[in-house]
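Student: based on what follows, work out the 3D shape:
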Amino acid sequence: MTVFRSIRFRLTAWYFASVVLLLGFLAVGSWYAMERSIYRAIDLGLIRRMDGVVEVLNRYSDLEEPQLAGRLAESSSLMVGGSLFRVFDDQQHLVYQASGMARHQFATRPPDGLANPDGLTNDVLFRDADRDDWRLRLAAKRVNLRGKFWIVEIAEPLSSYESALRRYQSVVLFSLPVLAILATLAGFYISSRALAPVDQITMGAREISASNLSERLAVPDSRDELQRLTETLNGMLDRIEGAFNRNRQFTADASHELRAPLTLIQSAAEFSLRRERSREDLLDALRQILRESGRTTQLLNKLLSLARSDANTQPFEPVIVDLKTVVEDLRSQVETLAASGQHEVSVSLPPQSVEVMGDDGSLHQLCLILIDNALKYTPVRGTISVALSQEKGAAVLTVRDTGIGISADQLPRIFDRFWRADKIRSREMGGAGLGLSIARIITEQHGGTISAESELGRGSAFTVTIPLRSHQLQLSA
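Tutor: Residues are numbered from 1 along each chain as shown. This is a model prediction of the structure:
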């Protein structure tokens, strides 16, 4: 059943049906064309022979009928097919009939279409006649010679022509199935050659699995649809491999990040239960467990947020959000966090509101991630500045710090998940390398962009650009 559903079989079947139909029309058409051509040639030959008889009549029309019949008999022996003609006078009396026609007892009357003296005199009447299984093609004409009317009728046997038609019909009937079979075999061969690359693509695709995603399909140098298909499939494999590697790296990094706090929680619990502890020791162990549990909860929340964004299951209904209000709401929280590290924080806001379409909670989280990131990686008595402005139809939020900075070779990777320039120090600071990834996702969900500039040892600057609400309305209009 699979064979009958294959493209190769269907192409061959369609090719067979098309060829048979085409050859059938060609055979029938050629047969009718040949028949018409033969009859046309016969009729032209009859007309030429008739002209020869008319010429004899014109020469001897003054003779009496017996003498005229003799002259016609003498002339018949000199004509091609001369034994097959006859002549009638204007009284429809048979003047002369060739011996060949007399043997088959043809009627001694002229054809009805020419018997009327008032009928046409220049048209030739053609007809077929059967006599004793002897088929003839006859041509009759009424002519006026020297004021006297004559009817001349010429005959041509059809047996040899019909025999030729039957032979041609036999050749056609024999050739039709042979040509159809040969054409079908050729179609099967051509379709097999044409679909051979598809089989190679199929076999190559079956050999690619999760263990060898780096393998690629062989691209045929055919410059056709199959080459474009193979290149498209290879491009798809590139994207799948990238997503698979990112997912595998994400799983490994998440497991690694979760292992540390869970190990600390388990160690603290086991240490407390190993023997009797003082109340203070138990409280210290509980505080450590609580701290690591909180860190684990934050990490799990971030992982859940990333998973939802990847699955596109975090849709939000856009509302009008004033970014100026969002930053002002964070001012007190930022100043409290900065006070513990003796940081100097400056906030620059425009006089007017900065409205965008989006989700208030997500934008609040975006601002907090950038500011918290700056506080974490800025040494004591460092400076953090937050500036909000409007430029070219977009809201621009810039967070600068005088922190440790990022080297130029590591800067392109800062938005990758679980990436940290200094993993040991970042883990001690409570970072998991997910904040900037979440910040980029939130920015892109709001139709914006995020970029970073940094110099090692001299600080970093993160810039978020989101289209203003008024600019979005102009575009939609």
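
Student: for residue 171, give me its contacts.
Tutor: For residue 171, the set of contacting residues under the criterion of C-beta atoms under 8 Å, 6 or more residues apart in numbering is empty. In short, each C-beta sits where N, CA and C put it, glycine included.

Student: am I right that it sits in a helix?
Tutor: Yes. Counting by DSSP: H, G, I helix; E, B strand; the rest coil, residue 171 is part of a helix.

Student: could you measure from it over to residue 178?
Tutor: Between residue 171 and residue 178 the distance, using C-beta to C-beta, to the nearest Å, works out to 11 Å.

Student: do residue 275 as well
Tutor: With C-beta to C-beta as the criterion, residue 275 and residue 178 are 101 Å apart.

Student: and the residue lying closest to residue 169 once chain neighbours are set aside, helix, strand or coil?
Tutor: For residue 169, ignoring the flanking residues on the chain, the nearest one in space by C-beta to C-beta, 6 or more residues apart in numbering is residue 31 at 6.3 Å. On the three-state scheme (three-state DSSP), residue 31 is labelled helix.

Student: looking at residue 275 and residue 178, which one has more neighbours?
Tutor: For residue 275 and residue 178, the more surrounded residue by other C-beta atoms under 10 Å is residue 178, and the numbers stand at 9 against 6.

Student: which strand or helix spans that one?
Tutor: Taking DSSP states H and E as the definition, one finds residue 178 inside helix 159-207.

Student: again with residue 267
Tutor: For residue 267, the host element (DSSP H and E) is helix 225-274.

Student: residue 38 now?
Tutor: Secondary-structure assignment from DSSP H and E places residue 38 in helix 7-60.

Student: what's that helix packed up against?
Tutor: Where contact means 3 or more C-beta pairs under 8 Å, 6 or more residues apart in numbering; DSSP states H and E, helix 7-60 is packed against helix 65-76, strand 85-88, strand 124-130, strand 135-145, strand 148-157, helix 159-207.

Student: those: lowest mean pLDDT?
Tutor: Note on the helices and strands packed on helix 7-60: lowest mean pLDDT is at helix 65-76, with a mean of 78.

Student: and it, what's buried?
Tutor: For helix 65-76, burial by neighbour count (16 or more other C-beta atoms under 10 Å) applies to 68-69, 71-72, 75-76.

Student: same list, those, but as a markdown table with distance to residue 98 please.
Tutor: Output for the buried residues of helix 65-76, formatted as a markdown table (distance: C-beta to C-beta, whole Å):
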| residue | distance to residue 98 |
| --- | --- |
| 68 | 14 |
| 69 | 11 |
| 71 | 13 |
| 72 | 9 |
| 75 | 11 |
| 76 | 6 |
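
Student: now, among those residues, which is nearest to residue 10?
Tutor: The shortest approach to residue 10 among the buried residues of helix 65-76 belongs to residue 76, at 66.5 Å (C-beta to C-beta).

Student: how much space between the closest one and residue 53?
Tutor: When C-beta to C-beta is the yardstick, residue 76 and residue 53 sit 9 Å from each other.

Student: which neighbours do these two have in common?
Tutor: When contacts are counted by C-beta under 8 Å, 6+ apart, residue 76 and residue 53 have residue 85 as shared neighbours.

Student: and the buried residues of helix 65-76, which is closest to residue 26?
Tutor: residue 76 (42.9 Å).

Student: residue 294: neighbour count?
Tutor: Other residues lying near residue 294 total 12 when counted by other C-beta under 10 Å.

Student: helix, strand, or coil at it?
Tutor: helix.

Student: mind checking how far it is from residue 42?
Tutor: Relative to residue 42, residue 294 is positioned 111 Å away (C-beta to C-beta).

Student: what's across from the closest residue to residue 153 other than its chain neighbours in the sheet?
Tutor: Nearest in space to residue 153, with sequence neighbours left out and distances taken as C-beta to C-beta, 6+ apart, is residue 140 at 4.2 Å. Counting by DSSP bridges, residue 140 forms beta bridges with residue 125, residue 153.

Student: residue contacts, residue 140?
Tutor: Shown in contact with residue 140 (C-beta under 8 Å, 6+ apart): 110-111, 113-114, 124-125, 127, 151-154.

Student: cutoff 7 Å now
Tutor: Shown here is residue 140, whose contacts under the criterion C-beta atoms under 7 Å, 6 or more residues apart in numbering are 110-111, 114, 125, 151-153.

Student: what's the closest of the residues you listed to residue 226?
Tutor: Within the contacts of residue 140, distances to residue 226 taken as C-beta to C-beta reach their minimum at residue 125, with 65.7 Å.

Student: what is the burial count for the closest one?
Tutor: 18.

Student: one more: residue 326?
Tutor: 22.

Student: other SSEs contacting the helix or strand it falls within?
Tutor: Counting by DSSP H and E, the secondary-structure element that holds residue 326 is helix 323-340. Applying 3 or more C-beta pairs under 7 Å, 6 or more residues apart in numbering; DSSP states H and E, one finds that helix 323-340 makes contact with strand 344-348, helix 360-376, strand 383-391.

Student: mind listing what's buried in it?
Tutor: Along helix 323-340, these residues count as buried under the neighbour rule (16+ other C-beta under 10 Å): 323-324, 326-327, 330, 334, 337-338.

Student: so can I have CSV of those showing distance to residue 205 and pLDDT?
Tutor: Converted to CSV, those look like this (distance: C-beta to C-beta, whole Å; pLDDT from 0 to 100):
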residue, distance to residue 205, pLDDT
323, 49, 90
324, 54, 89
326, 49, 89
327, 52, 88
330, 52, 84
334, 54, 80
337, 53, 75
338, 56, 77
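
Student: residue 458: which of the residues you listed is nearest?
Tutor: Checking the buried residues of helix 323-340 against residue 458 with C-beta to C-beta, the nearest one is residue 338 at 19.4 Å.

Student: tell me the spacing between the closest residue to the closest one other than its chain neighbours and residue 376.
Tutor: Distance criterion C-beta to C-beta, 6+ apart; nearest residue to residue 338, sequence neighbours excluded, is residue 345 at 4.5 Å. If you measure residue 345 against residue 376 using C-beta to C-beta, the figure is 14 Å.

Student: what do you get for residue 15?
Tutor: The value you get for residue 15 to residue 376, if C-beta to C-beta is used, is 71 Å.

Student: give the next helix or strand downstream of the helix or strand of the chain with the lowest mean pLDDT.
Tutor: In the chain, no helix or strand scores lower on mean pLDDT, DSSP states H and E than helix 423-428, which sits at a mean of 45. If you walk from helix 423-428 toward the C-terminus, the next helix or strand you reach (DSSP H and E) is helix 435-445.
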